[in-house]
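Undergrad: coordinates only, sequence not included:
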Ligand code: C2E
Ligand code: MG
Ligand code: MG
């Protein structure tokens with residue numbers, strides 16, 4: 001069996017056209033495959049060579065693709081291809097596709113490899129190469145040997161890890177292992193607690209508390225975010241109802257408490273989200289301005305139409321919209337006048353920079369001024385020291401959040417903190 005490294009006449013690595021005469025062979029079984037082909041005109045037959053003559057497996061025409069198995073790793077060809085009549089092809093190189101594959105999720109890459117490995121093996125069995133032995137069954141499960149893509153095992157590990165995480169989080173939601181913690185947000189002028197941000201935690205059965213940084217991306221990157229997002233809103237509203245009751249008993253501040261909930265981009269397309277918000281407000285008797293929805297610049301800009309639709313309805317209902325991690329996204333300010341936003345939340349990296357550099361301080365001041373000029377309030381995130389709290393107040397920022405005022409805590413502890421602070 002020949003193992004030619006021929007890449008084809010007139011073909012460079014960027015992809016190009018190939019013109020063939022009737023009967024011309026494009027590649028043979030066992031050749032190293034670097035390219036796939038799209039038939040522009042003419043016809044191609046896929047064949048395997050046997051001692052008793054060629055066996056034709058398929059006949060293809062314009063717009064058909066062939067040789068595609070080579071695109072996921074340079075594998076050897078499981079069959080040959082030959083022009084039946086004068087034929088013109090567009091060559092699709094591995095490089096052309098690998099850019100797309102690099103951007104796909106490891107799960108998709110892994111599934112593609114497994115599927116192609118199975119197709120190749122099925123073809124081998126059909127053509128009589130596979131003998132049903134253990135060795136051929138092994139290649140059925142995982143492609144090995146010459147040309148195997150070095151990224152394969154890494155993708156497989158990531159894909160398996162990702163599938164396990166998604167499964168574990170589905171169970172965690174069913175078993176109520178996800179909890180909301182509440183971090184105080186204070187009025188910088190007087191130091192009173194004005195509201196809380198609801199932040200999710202995963203309480204493992206062994207008692208370990210997993211922070212969202214380790215799992216929220218899996219939820220946000222899957223359908224789980226829809227159910228999770230609705231649960232978060234109902235749960236946060238129920239938590240705020242209890243916090244508000246304590247706040248009212250203390251009678252130190254006429255302003256009602258608010259609760260901030262993080263929204264993620266996929267939720268903008270959730271038709272059930274708005275009814276869930278409205279129902280949660282009815283069930284708890286909260287007024288709509290007590291619910292603050294935190295959105296990031298990148299979420300809005302990734303799906304602007306859906307964002308505008310949902311956020312417009314929420315705003316019309318009376319909820320507040322706050323841009324989270326302001327200044328760290330695309331930094332396109334165009335959405336600020338398209339979206340009805342109430343507040344800007346400065347990312348904590350700005351607060352940290354401002355503590356150490358004059359330039360950092362000026363950036364915080366500029367964002368504070370921007371908020372003021374646009375009739376919005378500013379919230380400084382990540383305040384860890386009394387000095388940071390003091391200069392955020394001097395600059396004129398309305399609210400502060402950070403370890404200096406209180407870490408995220410369970411609802412019971414937040415109720416206690418509120419009772420003590422107000423008392
Ligand atoms: P975020 O919305 O920007 O939340 C603020 C994060 O900063 C929280 O991290 C909070 O604990 C942390 N933080 C607050 N003050 C300080 C401070 O003074 N110093 C330091 N070093 N950190 C501070 P957390 O709770 O780990 O949440 C991380 C991110 O996970 C959140 O960032 C948010 O993007 C996401 N997240 C959390 N809960 C939810 C949720 O229910 N839904 C969605 N979609 N995302 C969530
Ligand atoms: Mg947030
Ligand atoms: Mg933030």
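TA: Right, received. Where do you want to start? Everything quoted here is computed from the prediction, not taken from an experiment. Ligands and ions are numbered 1, 2, ... in the order given.
Undergrad: what about the closest residue to ligand 2 within the stretch 1-150 of the chain, how many neighbours?
TA: Nearest residue of the stretch 1-150 of the chain to ligand 2: residue 105, at 24.7 Å (Cβ to the ion). (Glycine included, C-beta is placed from N, CA and C.) Residues near residue 105, counting by other Cβ atoms under 10 Å, number 13.
Undergrad: next one: residue 92
TA: Neighbour tally, residue 92, other Cβ under 10 Å: 18.
Undergrad: is it in a bridge, and if so with what?
TA: residue 36 (DSSP bridges).
Undergrad: pretty sure it is touching residue 39, no?
TA: No - with contact taken as Cβ atoms under 8 Å, residue 92 and residue 39 are classed as non-touching, separated by 11.5 Å.
Undergrad: overlap in contacts of these two?
TA: residue 65 (Cβ atoms under 8 Å, 6 or more residues apart in numbering).
Undergrad: gap between the closest residue to residue 386 other than its chain neighbours and residue 345?
TA: Closest residue to residue 386 apart from its sequence neighbours, by Cβ to Cβ, 6 or more residues apart in numbering: residue 404 at 6.6 Å. According to Cβ to Cβ, to the nearest Å, residue 404 and residue 345 sit 16 Å apart.
Undergrad: in contact with the residue of the stretch 1-150 of the chain closest to ligand 2, which residues?
TA: Residues counted as contacts of residue 105 (Cβ under 8 Å, 6+ apart) are 159, 162, 221.
Undergrad: what does the protein have sitting close to ligand 1?
TA: 183, 199-200, 211-213, 216, 220, 232, 262, 264, 294, 324-325, 348, 381-384, 401-403, 408 (Cβ under 6 Å from any ligand atom).
Undergrad: where does the protein have its least confident helix or strand?
TA: Least confident helix or strand, the chain: helix 134-141 with a mean of 32, by mean pLDDT, DSSP states H and E.
Undergrad: what residues sit buried inside the helix or strand that that helix is followed by?
TA: Tracing the chain past helix 134-141, the next element assigned as helix or strand by DSSP states H and E is helix 151-174. Buried positions in helix 151-174, judged by neighbour count with 16 or more other Cβ atoms under 10 Å: 151-152, 155-156, 158-159, 162, 165-166, 169-170, 172-173.
Undergrad: contacts for helix 151-174, please.
TA: Contacts for helix 151-174 (Cβ under 8 Å, 6+ apart): 73, 105-107, 109-111, 113, 142-143, 177-178, 202, 215, 218-219, 222, 224, 227-228, 231.
Undergrad: which of those residues count as buried?
TA: Buried members of the contacts of helix 151-174, counted by 16+ other Cβ under 10 Å: 73, 106-107, 109-110, 113, 143, 177-178, 202, 215, 218-219, 222, 224, 228, 231.
Undergrad: looking at those, which are in helices?
TA: Taking DSSP state H as the definition of helices, these contribute 106-107, 109-110, 113, 218-219, 224, 228, 231.
Undergrad: average pLDDT for stretch 217-227?
TA: In this model, stretch 217-227 has a mean pLDDT of 93.
Undergrad: and ligand 2, is that stretch touching that?
TA: No - Stretch 217-227 stays clear of ligand 2 (Cβ under 5 Å from the ion), getting no nearer than 12.9 Å.
Undergrad: can you pull out the helices in this protein?
TA: 94-103, 106-126, 134-141, 151-174, 216-220, 224-250, 273-284, 297-302, 304-317, 334-338, 348-356, 358-373, 386-395, 411-422.
Undergrad: comparing those helices by mean pLDDT, which bottoms out?
TA: With a mean of 32, helix 134-141 has the lowest mean pLDDT of these.
Undergrad: what sits against the residue nearest to residue 386?
TA: Contacts for residue 404 (Cβ under 8 Å, 6+ apart) come out as 383-386, 388-389.
Undergrad: got a winner among those for most neighbours?
TA: When neighbours are counted by other Cβ under 10 Å, residue 383 leads the contacts of residue 404 with 28 neighbours.
Undergrad: where's the residue nearest to that one when sequence neighbours are not counted relative to residue 16, distance?
TA: Excluding the flanking residues, the one nearest residue 383 by Cβ to Cβ, 6+ apart is residue 402, at 3.3 Å. Applying Cβ to Cβ, the value for residue 402 to residue 16 is 58 Å.
Undergrad: what is the burial count for residue 349?
TA: For residue 349, using other Cβ under 10 Å, the count is 14.
Undergrad: in this structure it contacts residue 326, no?
TA: No - with contact defined as Cβ under 8 Å, residue 349 does not reach residue 326; the gap is 10.9 Å.
Undergrad: picking up where we left off before, so between residue 402 and residue 16, which is more surrounded?
TA: Ranked by neighbour count (other Cβ under 10 Å), residue 402 and residue 16 place residue 402 first, with 22 against 14.
Undergrad: can you pull the pLDDT of the more buried one?
TA: 97.
Undergrad: so who does the closest residue to ligand 2 within the stretch 301-423 of the chain touch?
TA: Residue nearest to ligand 2 within the stretch 301-423 of the chain (Cβ to the ion): residue 324, separated by 4.2 Å. Neighbouring residues of residue 324 by Cβ under 8 Å, 6+ apart: 262, 294-296, 345.
Undergrad: skipping adjacent residues, who's closest to it in space?
TA: residue 294 (4.1 Å).
Undergrad: so that neighbour versus ligand 3, what's the distance?
TA: Distance, residue 294 to ligand 3, using Cβ to the ion, to the nearest Å: 7 Å.
Undergrad: that residue: how many residues sit nearby?
TA: Around residue 294 there are 21 residues (other Cβ under 10 Å).
Undergrad: wait, what's in contact with it?
TA: Residues counted as contacts of residue 294 (Cβ under 8 Å, 6+ apart) are 197, 260-263, 322-324, 345.
Undergrad: restricted to buried residues, select these in PyMOL.
TA: Per 16+ other Cβ under 10 Å, the buried members of these correspond to this PyMOL selection:
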select buried, resi 197+260+261+262+263+322+323+324+345
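Undergrad: please consider this matter closed, and thank you.
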